[in-house]
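# Give me a model of this one.
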Amino acid sequence: MIINTNIGSNTAARILADNTSLLQKSLKRLSTGQKIASISDNAAGVAVASRLSAQVVALDASKDNLANAVSYSQTQDGYLAKISDALQRMGELASLAMDGTKNSEDRALYDTEYQELAQFIDSIDGKMFNNTTLFTSAGLTVAVGLDSTGSAITYVASGITLAHSDYAAIDYRSSGMTYGVASVVSAAATLTKIAAAQEQLASDRAAIGANLSRLETERASIAILKDNLSNARSRIIDVDVAEESANFAKQQILVQSGTAMLAQANILPQSALRLIS
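Predicted structure coming up:
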């Protein structure tokens with residue numbers, strides 16, 4: 001029987017300290033919601049999770065870029081839809097001007113409205129989207145992520161060129177003669193040009209529609225990738241609350257029992273007094 005060195009007490013104290021440390025880790029996991037209480041718990045996991053987090057943040061930015069590109073293209077199509085309405089009315093005015101029962105004064109009135117619509121279409125050529133030209137052959141470059149080499153992956157939205165400075169408001173993709181409906185002859189020529197312009201307009205709107213479809217598909221694929229990366233990151237760093245709650249209860253019991261046993265171990269040397277007394 002030993003008095004100076006209480007081996008049982010030392011052992012109980014060591015085990016109690018270990019269980020207390022595990023209890024504190026469990027408490028930290030439950031309070032933070034993170035499985036990795038300290039980087040020493042899973043150093044490699046922290047590195048992987050950090051890389052996944054960076055990718056998720058980059059994908060969020062790519063989604064914003066694509067959303068802006070969608071808005072850009074939708075704005076393009078909105079203006080083209082107004083051009084379509086204007087061309088339809090201009091064609092109607094040209095047809096009315098070709099009526100033999102109309103006199104020159106009637107055709108002059110038609111031509112006044114026609115020229116106003118022409119100026120409206122002409123004004124659309126300079127429209128901007130956040131200080132970015134809407135109608136340019138260069139199109140809009142959108143960054144959607146990085147490839148395996150770290151180079152930026154970009155997508156170019158449809159580039160639609162509307163007019164030149166001397167725009168005639170008929171063939172809205174090129175400059176040419178100034179048409180009108182002031183006479184039967186000019187109205188007939190104008191009607192032919194309007195038909196060609198409407199064909200080109202339909203082609204351009206189809207191109208924008210295809211571009212929007214691509215952008216929406218790209219955005220959806222990025223959203224799927226983000227979800228999967230987030231799930232992978234979650235499996236590394238997020239705590240399973242049900243599992244950790246059971247572990248927390250276990251560590252609580254071990255700490256409480258260890259404390260009780262340490263108290264008992266400290267009492268044991270008192271038995272030596274019986275041999276002395």
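
# can you tell me which residue is nearest the centre of this structure?
Geometric centre of the chain, nearest residue: Lys63, 1.7 Å, by CA atoms, centre = their mean.

# Not counting sequence-adjacent ones, nearest residue to that one?
Spatial nearest neighbour of Lys63, excluding adjacent residues (CB to CB, 6 or more residues apart in numbering): Ile222 at 5.5 Å. Heads up, the C-betas are built off the backbone N, CA and C, glycines and all.

# element containing that neighbour?
Assigned by DSSP states H and E, Ile222 falls within helix 184-237.

# And the next helix or strand past that helix?
Later in the chain than helix 184-237, the nearest helix or strand by DSSP H and E is helix 241-267.

# Burial check on the residue nearest to Ser230 when sequence neighbours are not counted, number of neighbours?
Nearest-residue entry for Ser230: Val56, 5.7 Å, with adjacent residues in sequence omitted and distances by CB to CB, 6+ apart. A count of neighbours around Val56, defined by other CB atoms under 10 Å, yields 16.

# shouldn't Val56 be in contact with Asn231?
No - using CB atoms under 8 Å, Val56 is not in contact with Asn231; the gap is 10.4 Å.

# Which residues are in contact with Ser183?
The contact partners of Ser183, taken as CB atoms under 8 Å, 6 or more residues apart in numbering, are 97, 104, 107.

# and the helix holding Ile222, average pLDDT?
For helix 184-237, mean pLDDT is 85.

# now do stretch 123-130
In this model, stretch 123-130 carries a mean pLDDT of 82.

# how much space between Thr217 and Ala182?
Remark: distance between Thr217 and Ala182 (CB to CB, to the nearest Å) = 49 Å.

# of the two, who's got more company?
The neighbour count for Thr217 versus Ala182, taken as other CB under 10 Å, is higher for Ala182 (19 against 11).

# Phi and psi next, for the more buried one.
For Ala182, the backbone dihedrals (degrees, to the nearest 10) come out as phi -70, psi -20.

# For it, which non-adjacent residue is spatially closest?
If the residues on either side of it in the chain are set aside, Ala182 comes closest to Asp111, at 4.3 Å by CB to CB, 6+ apart.
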